[in-house]
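Q: only the shape, not the letters, is given here:
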């Protein structure tokens, strides 16, 4: 267990992929306008890898990469839902889709827009994003 955090569970639409993640009940969500986040409506919060556990479905995941190939856009082979991924900003953590969490553990959501169209500048200027995947 992690002090001050709650265990959220979630997964893809068909249920083939399931995970648990320890995070605040009050989520800080990033809304990025880069090309892929815009197309997928990818809103996410970031956690360290140590607070994420894939419960089932590793064999049902596939990955898409582009550009620098640092971000690992994983999604279910069956239903196509991306419930989590490895973000370029935090390759040592996970970006979790809040809309893929099971009901009952989220209290509030604050959304912050990120200018992913100018990714390098946005991440350089952001004061905390790179540290969000640190334990």
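A: Received, thanks. These numbers were taken from a predicted model, which means no experiment stands behind them.
Q: from residue 1, how far off is the residue most central in space within the chain?
A: Centroid check for the chain by Cα atoms, centre = their mean gives residue 95 as the closest residue, at 1.7 Å. Residue 95 sits at a distance of 23 Å from residue 1 (criterion: Cβ to Cβ, to the nearest Å). In this view, the C-beta of every residue, glycine as well, is placed from N, C-alpha and C.
Q: over to residue 17?
A: 24 Å.
Q: higher neighbour count, the two?
A: Per other Cβ atoms under 10 Å, whichever of residue 17 and residue 1 has more neighbours is residue 17, with 28 against 7.
Q: who's in contact with that one?
A: 11, 54, 56-57, 60-61, 76, 81, 83 (Cβ atoms under 8 Å, 6 or more residues apart in numbering).
Q: now with 10 Å, please.
A: Counting by Cβ atoms under 10 Å, 6 or more residues apart in numbering, residue 17 touches 10-11, 54-61, 74-79, 81-84, 100.
Q: just the buried members of these?
A: Buried members of these, counted by 16 or more other Cβ atoms under 10 Å: 10-11, 54, 57, 60-61, 74-76, 81-84, 100.
Q: and these, which is closest to residue 133?
A: Comparing the buried ones among the contacts of residue 17 against residue 133 with Cβ to Cβ places residue 84 closest, at 12.5 Å.
Q: so the closest one makes contact with residue 100?
A: Yes. With contact defined as Cβ atoms under 10 Å, residue 84 counts as touching residue 100 (7.5 Å).
Q: residues shared between the contacts of the two?
A: Joint contacts of residue 84 and residue 100 (Cβ under 10 Å, 6+ apart) are 10-12, 17, 19, 44.
Q: could you dump these to a markdown table with pLDDT, distance to residue 68 and secondary structure?
A: Shown next, in a markdown table, are the shared contacts of residue 84 and residue 100 (pLDDT from 0 to 100; distance: Cβ to Cβ, whole Å; DSSP: H, G, I helix; E, B strand; the rest coil):
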| residue | pLDDT | distance to residue 68 | secondary structure |
| --- | --- | --- | --- |
| 10 | 98 | 27 | strand |
| 11 | 98 | 28 | strand |
| 12 | 98 | 26 | coil |
| 17 | 98 | 25 | coil |
| 19 | 98 | 25 | strand |
| 44 | 96 | 18 | strand |
